[in-house]
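Asker: could you work out the structure for the sequence below:
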Amino acid sequence: MPSQNRGFHSISGLWPLSAVAAFFLLIPTLALGQEERPAPRAVPRVPIYDPGTPVQKKVLKNGVTILVQEQRTSERVAGAVAARMGTVYESDDDAGRGQVLIKAMIAGTQKLKPVELALRLLAADAKLEAGVGPDLGQIAITTKREQVDQAIDLLSQVVLEPAFPDTAVDASRQRALTLAADENENPLKAAYSMYLASMFRGSPLARPVSGTVSGIADCRKKDLVALHQKYFAGGNMVVAFVGNFDGKRVMDQLEKAFAAAPAGRALDPVAGNPVPLAADTTVTTERDMPSSVLAFGYPAPGYTDPDYAAFKIIEFYLASPDRSPVSYWLKQRGQSSIVGVIYPPYPKRSSMAVYLGAPPRSLPAARDTVAAVMGRLRTQALDDGEWAEQLKRVQNSTFANQNDPLVRARAMSQFEAAGVGYEFQRHFEEALLKLNPESLRETAARWFTHSSEAAITPVRNESKL
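Answerer: Numbers count the residues shown, from 1 in each chain. So this is what the prediction gives:
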């Protein structure tokens, strides 16, 4: 399954796509993981988020927002440009073209041919990364502190003056087509795509983040040029630089570099909100394959929703590789061969889904276990020990690499572009530490109303299990 947990970063090369949380761990029956593996005694948690030095922020006349933060103890510097783009900004006709665009952009610039760009990056010990998620595209660069000038120059060229070499366009389109086709060919991904179509009916999020074959197939260079002009305009972009440098000097350089961006406003998502499920919904189909696959879940808050912090704890509880009654015990008891949890980083409304693969004879029991575990979260609060363990894991995972310049530049640009502000992680931790087991149960009860499930089973006369 695609990794959709960006842990606050929409990208992994970006997340961009996520960035996308699929924990491939497995479990089997409704056994109470809490009883079988006792949780440690609850210990009050304290904040661990480090805001760092004050952030310099400036909005240019063309609408570009620039964020700069000094980090004088680091040996590296990093910059990231975030643009509002991705699934929620695409129609059925162009679904997935943002994936083609973002990869083609980093292949060469109007001043630097692909080979020349590669040599410049090599000489500066720099690395470019790019990716697109459901609501964000990011291009990021990282290098050693002595090369910050080079990093600013190269990043601004890639973002503002991409050349879209024909070979890069073809390669990027083929890559995107392969990913989109795999959403239907891979049984687990196909089941999850069926689940999305039901859970997000009426919304662009009913499609996989990777897009569709029909939306990508006829994408050409002229289409990418038009999309670049649309997405990489002033008010639709945020630039963030973090690292060991003189902040005032870097801000001046960034102002000069990105003043060349065309003026423009922040884009609005494509119209269409998900139609709420009126009842528990099940979709099934058959394929010629030996095992069954299932995706089961409920609506969940997006990362801009106040309930998001509570659902990160639910995500970690369901996905814990060493104790979860789903991701651990289903596999241990032989009910499933693969289990994972996906809580995609959608902005407003998301979903919490468990996917699994199982022999046909084991699928009903595995499905009932997942439904019972998720249903119990609505009616039964986690015990204090389990609560403390999952709270600790969420907090430690979220802020594990918070002082890495690249991680911070990505996060700052992402959340500023999303409209929740570059200090989003501080507010997230504040909300997290105000929660308790009962408030978590109440939150689950509000969201876990009607379920959606999608299953693909073997053609009956072909099943050998």
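Asker: pull the contacting residues for residue 441.
Answerer: Neighbouring residues of residue 441 by C-beta atoms under 8 Å, 6 or more residues apart in numbering: 377, 378, 379, 380, 381, 382. (Each C-beta comes from the backbone N, C-alpha and C, glycine too.)
Asker: what about the fourth one, how many neighbours?
Answerer: If I follow you right, that is residue 380. Using other C-beta atoms under 10 Å, residue 380 has 11 neighbouring residues.
Asker: and stretch 427-444, what's buried?
Answerer: Residues 428, 429, 432, 433, 435, 437, 440, 441, 443, 444 are the ones in stretch 427-444 that count as buried (16 or more other C-beta atoms under 10 Å).
Asker: swap in stretch 325-337?
Answerer: Buried-residue list, stretch 325-337, by 16+ other C-beta under 10 Å: 325, 326, 327, 328, 329, 330, 331, 333, 335, 336, 337.
Asker: just stretch 105-114 next, same as before
Answerer: 105, 106, 107, 108, 109, 112.
Asker: show me the protein divided up by domain.
Answerer: Taking automatic domain parsing as the reference, the chain has its domains at 33-48+277-462, 56-258.
Asker: select, out of those, the one closest to residue 264.
Answerer: domain 56-258 (2.7 Å; C-beta to C-beta).
Asker: for that closest one, what is the average pLDDT?
Answerer: Domain 56-258 carries an average pLDDT of 97.
Asker: and that domain, how far apart are its ends?
Answerer: This stretch, domain 56-258, spans 16 Å end to end (C-alpha to C-alpha, to the nearest Å).
Asker: next: stretch 254-265.
Answerer: Note: stretch 254-265 ends 19 Å apart using C-alpha to C-alpha.
Asker: mind listing what's buried along that stretch?
Answerer: Buried, per 16+ other C-beta under 10 Å, within stretch 254-265: 254, 257, 258, 261, 264.
Asker: what's the closest non-adjacent residue to the last one?
Answerer: Yep, that's residue 264 we're talking about. Nearest non-adjacent residue to residue 264, counting by C-beta to C-beta, 6 or more residues apart in numbering: residue 233, 2.7 Å away.
Asker: next one: the third one
Answerer: Nearest in space to residue 258, with sequence neighbours left out and distances taken as C-beta to C-beta, 6+ apart, is residue 64 at 4.8 Å.
Asker: let me know how buried that neighbour is, in neighbour terms.
Answerer: Using other C-beta under 10 Å: residue 64 sits among 28 other residues.
Asker: correct me, but it touches residue 260?
Answerer: No: between residue 64 and residue 260 there is no contact under C-beta atoms under 8 Å: 9.6 Å.
Asker: reformat the buried residues of stretch 254-265 as JSON lines; add secondary structure and distance to residue 317.
Answerer: Rendered in JSON lines, the data for the buried residues of stretch 254-265 read as follows (DSSP: H, G, I helix; E, B strand; the rest coil; distance: C-beta to C-beta, whole Å):
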{"residue": "254", "secondary structure": "helix", "distance to residue 317": "42"}
{"residue": "257", "secondary structure": "helix", "distance to residue 317": "45"}
{"residue": "258", "secondary structure": "helix", "distance to residue 317": "42"}
{"residue": "261", "secondary structure": "coil", "distance to residue 317": "43"}
{"residue": "264", "secondary structure": "coil", "distance to residue 317": "42"}
